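K.L.:
Okay, sequence plus prediction incoming.
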Amino acid sequence: MTLRISKPSFNIREKINEMDGRVSRENMPSGSIIQVVQGKLTSQTESSAGAGTPVDVGLYVSMSPHSKNSKVLVELDSFPCRIRGGSTEFFISLQRKIGYNGIWRTHIVTGEYTYYVSTLDEFNDGFNYLDSPGTTDEVHYRIVTQKVSGGANIAYNHNASGNRGAYNYATLTLMEIKS
């Protein structure tokens, strides 16, 4: 026995035009990106803070998720750093707070970085972190660093080109993803 089911054909372009080319958040499939926001740091921070002292480098971004079930993909892209002398180690962390009066809490910490060969050693850090804030309140993220040992200064968002006219910038990007 053969069973045939047929549906009337339709023109997909007409259907998209009926929606003005937009699909509502409610009709988006899981995994869809709902919104993207980005913070950008264009200045260098030279820190002489001692071991154990958190350094706020000035890289922030915030968003208000549309759903409590949304995930937020956090991406730090190209954060150049230079340690100015020997025997110095530090780490980079991502902190989050919910709401204006919330408390900053550390969510991830990168590995420790150390001075290796010369004061010309420079490296770029970056990471992705999938967060589940569980709220529609504004969620704030920032990058904080902390020296673990040593006495050398550390240049964050270091401009490797110096006087040659090139400028670095670091970005912290948030992508709200529908669950």
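P.N.:
That came through, no problem.
K.L.:
Run through the helices of this protein in chain order.
P.N.:
12-18 (DSSP state H).
K.L.:
in it, what spans have low per-residue confidence?
P.N.:
1, 10, 12-13, 15-17, 19-21, 112-122, 160-167 (pLDDT under 70).
K.L.:
what about the longest strand in it?
P.N.:
strand 71-83 (DSSP state E).
K.L.:
Please name every helix or strand in contact with it.
P.N.:
When contacts are defined as 3 or more C-beta pairs under 8 Å, 6 or more residues apart in numbering; DSSP states H and E, strand 71-83 sits against strand 54-63, strand 89-98, strand 113-114, strand 123-131, strand 139-149, strand 154-156, strand 170-177. In short, each C-beta sits where N, CA and C put it, glycine included.
K.L.:
Of these, flag the one that's most buried.
P.N.:
strand 154-156 (a mean of 22; mean count of other C-beta atoms under 10 Å).
K.L.:
Who are the packing partners of it?
P.N.:
Going by 3+ C-beta pairs under 8 Å, 6+ apart, strand 154-156 lies up against strand 45-47, strand 54-63, strand 71-83, strand 139-149.
K.L.:
Touching it from outside, list them.
P.N.:
44-47, 55, 57, 79, 81-84, 88, 90, 145, 147 (C-beta atoms under 8 Å, 6 or more residues apart in numbering).
K.L.:
The nearest residue to residue 138 once chain neighbours are set aside: what's it in contact with?
P.N.:
Once flanking residues are discounted, residue 138 sits nearest to residue 64: 4.7 Å by C-beta to C-beta, 6 or more residues apart in numbering. Applying C-beta under 8 Å, 6+ apart to residue 64 gives the contacts 136-139.
K.L.:
What subset of these is buried?
P.N.:
For these, a neighbour count by 16 or more other C-beta atoms under 10 Å gives the buried set as residue 139.
K.L.:
on that earlier part again, using JSON lines, lay out the helices and strands packed on strand 71-83 together with distance to residue 6.
P.N.:
Shown next, in JSON lines, are these (distance: least, C-beta to C-beta, whole Å):
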{"stretch": "strand 54-63", "distance to residue 6": "45"}
{"stretch": "strand 89-98", "distance to residue 6": "52"}
{"stretch": "strand 113-114", "distance to residue 6": "64"}
{"stretch": "strand 123-131", "distance to residue 6": "43"}
{"stretch": "strand 139-149", "distance to residue 6": "48"}
{"stretch": "strand 154-156", "distance to residue 6": "64"}
{"stretch": "strand 170-177", "distance to residue 6": "37"}
